[in-house]
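A.B. asks: Provided below for reference: sequence and predicted model.
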Amino acid sequence: MAKKPVVRFICNNCGAITSAWAGRCNTCGEWNTIQEEAVVAVISSGKGLAGSPLASHTAASVANRDDQKRMPSGISDVDAVLGGGVVPGSVILIAGQPGIGKSTLVLQVAARLAANNRVLYISGEESAHQVGLRASRLKVKDAKLQLATSTSADDIAATISKSDYGVVVVDSIQTLVVGGVASAAGSVSQITNSTYLLMQAAKQSNTAVILVGHVTKEGSIAGPKVLEHVVDVVLQLEGDRYGGFKILRSVKNRFGSTNEAGIFEMHDEGLLQVDNPSASMLAERQITDGSVVLATMEGSRPLLVEVQALVNKTSYGYPKRAASGIDLNRVNLLIAMLERRTKLNLADQDIYINIVGGLRISEPAADLAVCLAIGSAAKGLKLKENAVVFGEVGLSGEVRRVSFADKRIKEAEKLGFDVVLGPKSGDKTTKKSIVQPVTDVRSALNTYLKS
């Protein structure tokens, strides 16, 4: 009698495995993400270990090959995020929301890499004609860039292993399938096995592989978490898909720092890097109440962005609080601190906070700028002209030190600002000609707001 095939049920969102189907995953709470999947048998020996000892060993000092230089991508911001360029034999994953510009960016990078290397662009989502149309729009004319279409991870791995390509781009990893896995494309097993297959081919042939990945509605990379552990570099392309700046961040990098960020803007010719984003974001600023310039950091790069606040008496019993570009919970905490530590009455006021330019600010150095913007809008008073603000605010209203103060001050000086409001620094090397130390929020509101 034929043995019934063993099956299991796996969640496409978190990778949790159960023995029975359910409409809702008990691990991540998502609905309709559990799918049936055949179990792949694991071959093992009952008499002992089936493996054999490794034939060769290499000293760590010898394994470092200086002759393997990085391949410049041709885009300085991308090279900075990667740590200096594309490393031969590495596997790079770039993820982002639909329509954010992932395929555009990787095609631009592939075209520039093709100037000195053999590059193959494999599309699993579009036909070669569609990719060619995008290449024509981006003015990609390098004959060394080859196009192909395939959704077979086995065929792509064989192409990587048996060809002399320097770089292979796969768009996207969610469309690939492995012949020996009985599940649909995009499932946890298909993504995991396809990535392992491409990684082994890349390491054996010393070919750099760039994978394009999707993200879920929560913003995390779609697929199992093991996908991020397998690859060498994880890049995230963030921003508003309908406009504003696009920021390329390094979430994981085995060959460099994760403190760098590249800033781009979408044009007809593709994603173009912004050389002076601070000046671009402040070009249309109007000096009015509720407007404050914040000195923030994107990786190791200082940026000046405008923080806007709008305070209006509520028409309902419960005041509304909304924030764009900054955590609303942090804004609510600062509002509560302002009510307790200052004379501002905000309990019956609707408060709206906006970070101009589509940026997402997560560092606590934005606290002082948010507090001054709210105070300025609530009282109808303007902040002192040509002033830049940064500093973390505690629950007692005190202003605390933040990192990279020197870079923030230099960026303000470069753009012609006369005053920097920030925490008192104990670093004697910091230039203090334009710095006016602030000890607490209440004194800052009383001193620097004027009609």
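C.D. replies: That came through, no problem.
A.B. asks: CA only for contacts and neighbour counts going forward, please
C.D. replies: Will do.
A.B. asks: For the closest residue to Q349 other than its chain neighbours, the count of nearby residues, please.
C.D. replies: Among residues not flanking Q349 along the chain, K313 sits closest, at 4.4 Å (Cα to Cα, 6 or more residues apart in numbering). Neighbour count of K313, defined by other Cα atoms under 10 Å: 14.
A.B. asks: and K313, how far is that from K320?
C.D. replies: As judged by Cα to Cα, to the nearest Å, K313 and K320 stand 10 Å apart.
A.B. asks: quick one: contacts for N253?
C.D. replies: L82, D232, V233, V234 (Cα atoms under 8 Å, 6 or more residues apart in numbering).
A.B. asks: now that we have the residues you listed, which one has the most neighbours?
C.D. replies: L82 (30 neighbours).
A.B. asks: if I pick the closest residue to that residue other than its chain neighbours, what's in contact with it?
C.D. replies: Once flanking residues are discounted, L82 sits nearest to G256: 6.5 Å by Cα to Cα, 6+ apart. G256 sits next to L82, G83, G84 when contact means Cα under 8 Å, 6+ apart.
A.B. asks: Columns pLDDT on top of those residues, output as CSV?
C.D. replies: Shown next, in CSV, are the contacts of G256 (pLDDT from 0 to 100):
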residue, pLDDT
L82, 93
G83, 91
G84, 91
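A.B. asks: Could you tell me which of these belong to helices?
C.D. replies: The helices, defined by DSSP state H, take in L82 from the contacts of G256.
A.B. asks: Which one of the contacts of G256 is nearest to E265?
C.D. replies: L82 (18.9 Å; Cα to Cα).
A.B. asks: show me where pLDDT drops low in the stretch 351-451 of the chain?
C.D. replies: For the stretch 351-451 of the chain, the stretches with pLDDT under 70 are 426-432.
A.B. asks: mind running it again at 90?
C.D. replies: For the stretch 351-451 of the chain, applying pLDDT under 90 flags the ranges 357-360, 384-386, 424-434, 450-451.
A.B. asks: in it, which spans are strands?
C.D. replies: Using DSSP state E, counting those that start in this stretch, the strands of the stretch 351-451 of the chain run over residues 382-383, 387-389, 392-393, 399-400, 419-422, 435-437, 449-450.
A.B. asks: Quick one: residues in contact with the first one.
C.D. replies: Okay, so that is strand 382-383. I287, T288, D289, G290, S291, V292, L372, S376, Y448, L449, K450, S451.
A.B. asks: how about a cut-off of 6 Å?
C.D. replies: T288, D289, S376, Y448, L449, K450, S451 (Cα atoms under 6 Å, 6 or more residues apart in numbering).
A.B. asks: per-residue confidence averaged over stretch 292-312?
C.D. replies: What stretch 292-312 shows for mean pLDDT is 93.
A.B. asks: Export only the CA atoms of that stretch, formatted as CSV.
C.D. replies: Extracted in CSV, the C-alpha atoms of stretch 292-312 (Å, rounded to 0.1, in the frame of the first residue of the first chain):
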residue,chain,number,x,y,z
VAL,A,292,11.2,75.1,13.1
VAL,A,293,14.4,73.8,11.4
LEU,A,294,15.7,70.6,12.8
ALA,A,295,19.3,69.4,12.4
THR,A,296,18.9,65.6,12.2
MET,A,297,21.2,62.7,11.0
GLU,A,298,20.6,60.2,8.2
GLY,A,299,23.3,57.7,8.9
SER,A,300,26.4,59.7,9.2
ARG,A,301,25.1,62.6,7.1
PRO,A,302,23.6,65.7,8.7
LEU,A,303,20.4,67.0,7.3
LEU,A,304,18.4,70.2,8.0
VAL,A,305,14.6,69.5,7.7
GLU,A,306,11.6,71.6,8.6
VAL,A,307,9.3,70.6,11.4
GLN,A,308,5.8,72.0,11.1
ALA,A,309,3.2,72.2,13.9
LEU,A,310,-0.4,73.3,13.7
VAL,A,311,-2.4,73.9,16.9
ASN,A,312,-6.1,74.6,16.8
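A.B. asks: Distance-wise, check the closest residue to L368 other than its chain neighbours relative to D440.
C.D. replies: Closest residue to L368 apart from its sequence neighbours, by Cα to Cα, 6+ apart: G391 at 5.3 Å. Here the criterion is Cα to Cα. By it, G391 lies 10 Å from D440.
A.B. asks: now I361, which residues is it bridged with?
C.D. replies: When assigned by DSSP bridges, I361 has beta-bridge partners I326.
A.B. asks: rewinding a little: any residues in contact with both of K313 and K320?
C.D. replies: By Cα under 6 Å, 6+ apart, the residues touching both K313 and K320 are D350.
A.B. asks: ranges for the strands of the stretch 101-250 of the chain?
C.D. replies: For the stretch 101-250 of the chain, applying DSSP E, counting those that start in this stretch gives strands covering 119-123, 145-149, 167-171, 208-213, 233-239, 245-253.
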